[in-house]
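>>> let me see the structure of the following:
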Amino acid sequence: MRVIRFIIFLFLVCCITIRANAQQDSVRDLIATTQNDSIKIMAYTGLAFSKLNKPAEALQVISEMRLYAQSLKDEKWQALCKRKLGTLYHRLNYFDKALEYYIESAAVFEKLNDKDGIANCYNNIANAYASKGELTLDKNYYERATEFHLKCIDLRRQSDTSQLSNSYNNIAIVYMYQEKWDLALEYLTKAYKIFSVVPEGAGGLDMVTINLGDLYLKKALKERKPEDFDKAMGYFKNRMDAYKGSGANDRQIKVLSSIGQILCETGKCREAMKLLRRAMDMSLQIKNKGSIMETSYLLAEALEKQGDLAGAIQYMKLYNQTKDSLVNERNTNAMEQMQALYESNEKDKEIKSLSSENEMQAMRVNRQRTALVTLIGGLALLVIVALLLFNRYNIKRKANVELARAYQKIEVKNNQITDSINYAKRIQTAILPPQEAIKAHLKNHFIYYSPKDIVSGDFYWFTYHNNKSFFAVADCTGHGVPGALMSMIGNTLLNEIVNQKNILDPAEILFHLNEGVIKALRQSGVDIMEQDDGMDICVCYIDDKKKNELQYASANLSIYVKSNGVAKELKGDIFSIGGGLGSSGKMFQTKTELLKEGDAVIMSTDGYYDQFGGNNNSKFLVSNFENLITQIDFVNGQPQQILKEKLENWKGQRHQTDDVLVAGFII
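Sure, this is the predicted structure:
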């Protein structure tokens, strides 16, 4: 039965992708007419998959599908529908929402004692945690992923052994991310044995063989053992022989570039060049930017080892161009998903307008019928009144149907808007540095973060690089969705400047950040009155070797140091990042402040001291903020809670004026 459903699902997806517009209409008709829950779920899923490149439309289909799931009376179909919803949110990178639906689906399958359904949910949950681990580099997510993969494997051993090979492969990949080589090898070997004996296992055998080669290559690059390079070469050569005569594809490119990398790492760069150039030709042929970027980097390394610096520079230029293109595409996709919020608002207004027109039409009909009734008397009056009541009943019934449809559309749009904003927040939260990562290097730190709206234009950033702990606090132009978009640009640029370009001087970081914002927003030569978007930011670091020195630079934000009960303001430069002034005349300066144990470093955006409140409805002011700093015990107290309570008491019942962010650490 599962095979039949899967075939129907594949047929629907193929139809949708071959003739998009006509077939989407036919799938819509199928959704509207079929009474079969299984077919309707697969039709909704196929339609949503076909719109994944248009997030706003995909979210609308998902919203409709969610309402449909709530209407299902059969618990098994309801659980299946929720799992499909989780898969769609996963594909849109809404990992937390995907986990929510996977877990709800698993709960229903557990109630029904459906072991196959539970195992499928556990597999999906594990994959979602692994995706979060890739995004945040948080090892805790990988641990959660392995936990659910093991639960899934245990269930599939009992009920559905046909899927065991895929589960073994999935958990092995997670172990590879964790550099647990022996465990990864154990499960890949199990998967290899199963795929080797089943009739339909050719594709799986190809996948697992490549993963085995990748495992040994990663291990070899980490531990530099020659035998690991040899084993990796064996697996990749096995696949290269199998691909002879086939056209260009992703797996063949992977195999060619991996063999080229092994040859280059083992001193055979000239031989490696032939394979790497073949991989590059195939990547360009199928227009795979990820493969172009990776292969160009390997070619640059090979040429550099051969002493051909000019050739290496050319491929590094191609690498950087392709990488920038991919980063821009990812940022554009994220921004398009946020832009969907605005489009939803406009459509929502249209639907409300439709509801108002229906009400006005009903009122006009009522007035006309009432005037007609006053002209008729006697028996004719009774007959016409009866006819009128009948007509009014029909009109009202039709109007109610139209209004019900309009209200349903409004409900879908409102759900979509709320979901989109909340998951925009989750995307933004995922980008912020995990508390565990900060605590590993700045054990005594605090962060009070309170967005004015669901998403925020303020953000904090942390990284540990080259034995230095970097910390930044930024206030972007605007708040809400526009400010959040700017914060994503700032976060991306800071990671690139420090972690990729290895620029460590705070003033240099601000200079390159300013250049990056100008380039990203195309502000060069623009009138300042037309576009003055940017951010105020302070950046500082503590070197592990000189923990009593604070190196810092600031763009229109101050840093405070509390020492011996006294708050000292460290003023920065007066220029902001970005804006119509471009880079002309913007010079930032790195300064040094000597610290001692127990001193507190505090960074704040202007949201805290610009908050209106108190008896006179006035701003909190910088002077009161400085006094508050002197009163807080940053070493033994709870600075985050005190900052929150003080601002809430000041604000009272008034609305929050701006995004609020106060963060810092203790030496």
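
>>> quick one: F620 from G565, how far?
Per CB to CB, to the nearest Å, F620 is found 21 Å from G565. Every residue, glycine included, has its C-beta placed from N, CA and C.

>>> revised request: answer the last question for L521.
Distance, L521 to G565, using CB to CB: 43 Å.

>>> which one's more surrounded, F620 and G565?
F620 (21 against 9; other CB atoms under 10 Å).

>>> now Y216: closest residue in space that isn't a chain neighbour?
Nearest residue to Y216 in three dimensions, chain neighbours excluded: A232, at 3.7 Å (CB to CB, 6 or more residues apart in numbering).

>>> tally of neighbours for the one you found?
25.

>>> what sits against it?
213-217, 220, 258, 262 (CB atoms under 8 Å, 6 or more residues apart in numbering).

>>> the residue lying closest to D74 once chain neighbours are set aside: how many residues sit nearby?
Nearest residue to D74 in three dimensions, chain neighbours excluded: D37, at 6.5 Å (CB to CB, 6+ apart). When neighbours are counted by other CB under 10 Å, D37 registers 18.

>>> ok, D37 - contacts?
Contacts of D37 (CB under 8 Å, 6+ apart): 72, 74, 77.

>>> nearest residue to the last one in space, please, no chain neighbours.
Just to be clear, that refers to W77. Closest to W77 by CB to CB, 6+ apart is D37, at 4.4 Å.

>>> still on that earlier bit, among the contacts of D37, which are in helices?
Cross-referencing the contacts of D37 against helices under DSSP state H gives W77.

>>> now do the buried residues in the helix or strand containing A119.
For A119, the host element (DSSP states H and E) is helix 115-136. Going by neighbour count (16 or more other CB atoms under 10 Å), the buried part of helix 115-136 is 115, 117-133, 136.

>>> ok, and the closest non-adjacent residue to I173?
Nearest one to I173, counting by CB to CB, 6+ apart, is N211 at 6.8 Å.

>>> A520 - how many residues pack around it?
Neighbours of A520 (other CB under 10 Å): 18.

>>> pLDDT score for it?
On pLDDT, A520 comes in at 84.

>>> W77 now?
On the pLDDT scale, W77 gets 84.

>>> what's the pLDDT at the most centrally placed residue in the chain?
Nearest residue to the geometric centre of the chain (CA atoms, centre = their mean): I427, 4.4 Å. At I427, the pLDDT value in this model is 79.

>>> that one contacts L92, doesn't it?
No - at 10.2 Å, I427 does not count as touching L92 under the criterion of CB atoms under 8 Å.

>>> now I153: closest residue in space, sequence neighbours ignored.
Excluding the flanking residues, the one nearest I153 by CB to CB, 6+ apart is S167, at 4.9 Å.

>>> residues touching the one you found, list them.
123, 149, 152-153, 156.

>>> cool, and V473?
With CB under 8 Å, 6+ apart, V473 has these contacts: 458, 460-461, 537-538, 557, 603-605, 661, 663.

>>> just the CA trace of whichever helix or strand it is part of, in CSV.
Using DSSP H and E, V473 maps to strand 468-476. The C-alpha atoms that make up strand 468-476 are tabulated as CSV, following Å, rounded to 0.1, in the frame of the first residue of the first chain:
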residue,chain,number,x,y,z
LYS,A,468,40.9,36.4,20.7
SER,A,469,37.4,36.8,22.0
PHE,A,470,35.6,39.3,19.8
PHE,A,471,32.3,40.9,21.0
ALA,A,472,30.2,43.5,19.1
VAL,A,473,26.9,45.3,19.8
ALA,A,474,25.1,47.0,16.9
ASP,A,475,22.1,49.3,16.3
CYS,A,476,20.8,49.1,12.7
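
>>> partners of it, with directions?
Taking DSSP bridges as the criterion, strand 468-476 forms sheet pairs with strand 458-465 (antiparallel), strand 534-543 (antiparallel).

>>> and the first one, which residues are buried?
If I follow you right, that is strand 458-465. 458-464.

>>> tell me the mean pLDDT for that strand?
94.

>>> what's the answer for stretch 114-131, then?
92.

>>> with stretch 626-644 instead?
92.

>>> hmm, who's touching it?
444, 446-448, 450, 560, 562, 565-567, 569, 598, 600, 602, 608, 646, 662, 664, 666.

>>> that one: end-to-end distance?
15 Å (CA to CA, to the nearest Å).

>>> pull out the buried residues from that stretch.
Those would be 626, 628-629, 632, 634, 639-640, 642-644, for stretch 626-644 by 16+ other CB under 10 Å.

>>> one more: stretch 296-312?
In stretch 296-312, the ones that count as buried by 16+ other CB under 10 Å are 296-304, 308, 311-312.

>>> quick one, helices of the stretch 101-250 of the chain?
For the stretch 101-250 of the chain, the helices defined by DSSP state H, counting those that start in this stretch cover 115-136, 139-158, 164-177, 181-197, 202-223, 226-242, 250-265.

>>> so which of those gets nearest E436?
Set against E436 and scored by CB to CB, the helices of the stretch 101-250 of the chain come closest in helix 139-158, at 7.3 Å.

>>> buried residues in that closest one, which are they?
141-142, 144-146, 148-149, 151-153, 155-156.

>>> picking up where we left off before, of all the helices of the stretch 101-250 of the chain, which lies closest to S50?
Once the helices of the stretch 101-250 of the chain are compared by CB to CB, helix 115-136 is nearest, at 20.5 Å.

>>> and the gap between the residue nearest to I173 and D182?
On the measure of CB to CB, N211 and D182 end up 15 Å apart.

>>> next one: I286
Taking CB to CB as the measure, I286 falls 35 Å from D182.

>>> between the two, which one's more packed in?
Applying other CB under 10 Å to I286 and D182 shows that I286 carries more neighbours, namely 14 against 8.

>>> can you count the residues close to the closest residue to that one other than its chain neighbours?
Of all residues beyond its chain neighbours, the one nearest I286 is A248 (5.2 Å), with distances taken as CB to CB, 6+ apart. Number of residues near A248 (other CB under 10 Å) recorded here: 18.

>>> low-confidence stretches in this structure?
For the chain, the stretches with pLDDT under 70 are 1-26, 52-53, 55-56, 160, 199-201, 327-416, 418, 525-531, 580-585.

>>> just the strands in it please.
Secondary structure of the chain (DSSP state E): strands located at 445-450, 458-465, 468-476, 534-543, 546-555, 559-563, 566-570, 577-578, 591-594, 600-604, 612-613, 618-619, 660-666.

>>> for Y243, find the nearest of these.
Here strand 458-465 is closest among the strands of the chain (CB to CB), at 39.8 Å.

>>> dump the closest one to PDB, restricted to CA.
Taking C-alpha atoms only, strand 458-465 is exported to PDB below (Å, rounded to 0.1, in the frame of the first residue of the first chain):
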ATOM      1  CA  ASP A 458      19.700  45.500  17.200                       C
ATOM      2  CA  PHE A 459      22.000  42.500  17.300                       C
ATOM      3  CA  TYR A 460      25.000  41.200  19.100                       C
ATOM      4  CA  TRP A 461      27.900  39.200  17.600                       C
ATOM      5  CA  PHE A 462      30.600  37.000  19.000                       C
ATOM      6  CA  THR A 463      33.400  34.900  17.700                       C
ATOM      7  CA  TYR A 464      36.600  33.300  19.000                       C
ATOM      8  CA  HIS A 465      39.400  33.600  16.400                       C
END
